[in-house]
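Asks: The sequence isn't on hand, but the structure is:
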């Protein structure tokens with residue numbers, strides 16, 4: 001269903017450590033996750049693809065804002081087919097703040113790996129650490145469910161994105 005294409009160095013979180021929070025996360029990421037909890041950001045899971053419209057709405061804005069190639073644009077039918085064919089191995093997780101989804105991502109699950117596949121964040125909540133909380137909660141989900149690694153993917157030439165991902169692993 002997918003073609004693998006080399007895309008620079010990838011970053012992963014070791015889920016076998018005793019404490020992801022203390023053993024993997026940078027102090028800055030720990031502070032952002034604490035802040036997210038204080039703000040009341042909650043994380044939700046969707047294993048059936050019921051939130052694909054919400055995902056695609058934010059994702060389309062991300063594609064336009066960042067001038068992302070059409071290679072990364074996927075139709076709703078294609079993604080629904082993913083949920084059908086990959087049942088139990090794909091999920092949408094999202095961060096909610098004040099009743100709004102402000103960070104949302106699709107993850108692929110194939111033990112021993114979780115793969116951070118596609119993601120989007122609401123630019124109206126840019127200073128809110130929802131994405132940090134989302135990634136951390138998925139890492140904890142993975143650890144609790146026997147996964148060994150959470151692959152965050154590459155960052156291409158985007159040094160800010162690479163630095164963001166590196167904050168989740170030592």
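Replies: Perfect, I can see it now. What you are looking at is a predicted structure, and each value in this text was computed from that prediction instead of being measured.

Asks: tell me the secondary structure for the residue of the chain most remote from its centre?
Replies: No residue in the chain has its C-alpha farther from the mean C-alpha position than residue 18, which lies at 21.8 Å (CA atoms, centre = their mean). Put simply, residue 18 is coil when judged by DSSP: H, G, I helix; E, B strand; the rest coil.

Asks: Point me to the helix or strand that includes residue 54.
Replies: Residue 54 belongs to helix 52-65 when assigned by DSSP states H and E.

Asks: For the next helix or strand after that helix, which helices and strands make contact with it?
Replies: Per DSSP H and E, the first helix or strand lying C-terminal to helix 52-65 is helix 76-85. In terms of contacts (3 or more CB pairs under 8 Å, 6 or more residues apart in numbering; DSSP states H and E), helix 76-85 is packed against helix 52-65. Every residue, glycine included, has its C-beta placed from N, CA and C.

Asks: just for this structure, where's the confidence low?
Replies: The chain contains residues with pLDDT under 70 at 6-8, 156-158.

Asks: which one's the longest strand in it?
Replies: In the chain, assigned by DSSP state E, the strand with the most residues is strand 100-110.

Asks: which other helices and strands contact that strand?
Replies: Applying 3+ CB pairs under 8 Å, 6+ apart, we find strand 100-110 packed against helix 52-65, strand 90-97, strand 113-121, helix 130-144.
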